[in-house]
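Enquirer: Quick one, structure for this:
(one chain, ligands or ions: 2)
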Amino acid sequence: MSEIITVIAPVNIAVIKYWGKRDEDLILPLNDSVSATLDTSIMCAKTSVCARPEFKEDGIWLNGKKESFYSPRLQNCLREIKARAAAEKSVNEDFLQWKVHVCSENNFPTAAGLASSAAGYACLVTALAKLYKVKSDVSSIARLGSGSACRSVYGGFVRWHAGTNPDGSDSVATQIADQAHWPEMQALILVAGDTKKKTSSTVGMRIAVETSELLKHRIKHCVPQRTEEIIQAIKEKDFPKFAEITMKDSNQFHAVGLDSYPPCVYMTDVSHLVSYVIHKYNEISGSIKVAYTFDAGPNACLYLLEKDVPQVISLIKHIFPSSNPDKFVTGLQSKEEPLSPVFMSICEPQKQDLIKYVIHTKVGDGPTEITDGSHLLNEAGLPKAE
Ligand SMILES: Nc1ncnc2c1ncn2[C@@H]1O[C@H](COP(=O)(O)OP(=O)(O)OP(=O)(O)O)[C@@H](O)[C@H]1O
Ligand SMILES: C[C@@](O)(CCOP(=O)(O)OP(=O)(O)O)CC(=O)O
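Expert: Residues are numbered from 1 along each chain as shown. Ligands and ions are numbered 1, 2, ... in the order given. The predicted structure follows:
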């Protein structure tokens, strides 16, 4: 009988976006990307795994529902972890034959553009690596689940190297700086919609690769320089530079969406209003204090320094009134401060609930094993909730 392993893993939000694959099966990207990993105490995936000789088949329960294990992405992750364990001779042959049970939960909406697949696959692969006692870097295995998941294998600021090898062996994530390097860096996720998106990232990028001229230009002439510059800005803790590159890269990624044929539109009027407000706020402040970035959905992720959070929360609350003001900001304890008239004049208050809620979080660590026994599987290896 094997023990139950439980791991929690973070989401990450890219500041240099991954958009476009050179190999769809191996999930190999056309460009490097850079992200910050966000604190697991606020948003995380939690996954328990175990392997037993009596299990008839591999099984996965996701957010309380049994799902099929026969998705190519899940199969690839499990197969590669086992292959690594066999190569490292970390467990015996019998153990590798046993079937596995996986139970996972996200403490935030799944498939809503909040990077659930990144946290989910990083969590699964880290838990399996611990189960099979794999010691080497598993970012290239998490990548097989969802590209952006490879960056959630590390904390702090992370780079995913596109790599050039056809087998993907050099398409791995590395840490640029750990979570303690820039402790003032925080994030506000403005949730404008948390329902499933119209075009998945996988399909959106396929259309972009097939049709967008701008994507070719971006990959060749923009991303390489931006990647070096933002890494430098992170190392030097140069917030204005970090923020400017972050916003430009998000804008270019969404421009690629529009340049795709048919176009992929992820930002909404609310997203564009957020971007307008942040530019005005920075202009009035006399320096860049906040960066926005948008993934394949309408939600904004604002990166900003801790000292500026109270004013920015007041600004968001002023422009985007909520019908449930007490529960509007979740996550870290946040203060507010009175908003001066000059900031109030940026934009009139909008109709209620255009922003549904805000998640206040910060840069955090990578995946961690949970040792307090709070597994999602019971002694029999079945979901506790069942
Ligand atoms: N905890 C988890 N464990 C395993 N797989 C997960 C987990 N959470 C999400 N997934 C997988 O990821 C899929 C959702 O990925 P999708 O890319 O559609 O959404 P997202 O990650 O929230 O959005 P985005 O990638 O645009 O930020 C789920 O359908 C599921 O297959
Ligand atoms: C816009 C993005 O969030 C795209 C993420 O795409 P996914 O990693 O979800 O795509 P697949 O590899 O097809 O699973 C940008 C980013 O995170 O870099």
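
Enquirer: Would you state the strands of the stretch 151-300 of the chain in chain order?
Expert: With strands called from DSSP state E, counting those that start in this stretch, the stretch 151-300 of the chain shows them at 157-160, 173-177, 185-191, 290-294, 300-305.

Enquirer: Check which helices and strands the second one sits against.
Expert: Packing contacts for strand 173-177, counted by 3 or more Cβ pairs under 8 Å, 6 or more residues apart in numbering; DSSP states H and E, involve strand 157-160, helix 223-236. Backbone N, C-alpha and C define where each C-beta goes, glycine included.

Enquirer: Quick one: residues in contact with it.
Expert: Applying Cβ atoms under 8 Å, 6 or more residues apart in numbering, the external contacts of strand 173-177 come out as 34, 139, 142-143, 150-151, 153-161, 231, 234-235.

Enquirer: Weed out the non-buried ones from the residues you listed.
Expert: With neighbours counted by 16 or more other Cβ atoms under 10 Å, those contain buried members at 34, 139, 142-143, 150-151, 153-161, 231, 234.

Enquirer: Let me have the strands of the stretch 151-300 of the chain in TSV, adding mean pLDDT and distance to Asp259 as columns.
Expert: Below are the strands of the stretch 151-300 of the chain laid out as TSV (pLDDT from 0 to 100; distance: least, Cβ to Cβ, whole Å):
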stretch	mean pLDDT	distance to Asp259
strand 157-160	98	23
strand 173-177	98	28
strand 185-191	97	25
strand 290-294	98	16
strand 300-305	98	21
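
Enquirer: Does the helix or strand hosting Lys66 reach ligand 1?
Expert: Element membership for Lys66, per DSSP states H and E: strand 65-67. No - shown here: strand 65-67 not in contact with ligand 1 (Cβ under 6 Å from any ligand atom), separated by at least 7.3 Å.

Enquirer: what's the average pLDDT for the following helix or strand past that strand?
Expert: Next helix or strand after strand 65-67 toward the C-terminus (DSSP H and E): helix 72-88. Helix 72-88 shows a mean pLDDT of 97 in the predicted model.

Enquirer: Leaving out chain neighbours, which residue sits closest to the closest residue to ligand 1 within the chain?
Expert: Using Cβ to the nearest ligand atom, the single residue of the chain nearest to ligand 1 is Gly120, 2.2 Å away. Counting by Cβ to Cβ, 6 or more residues apart in numbering, Ala45 is the residue found nearest to Gly120 once chain neighbours are left out, at 4.7 Å.
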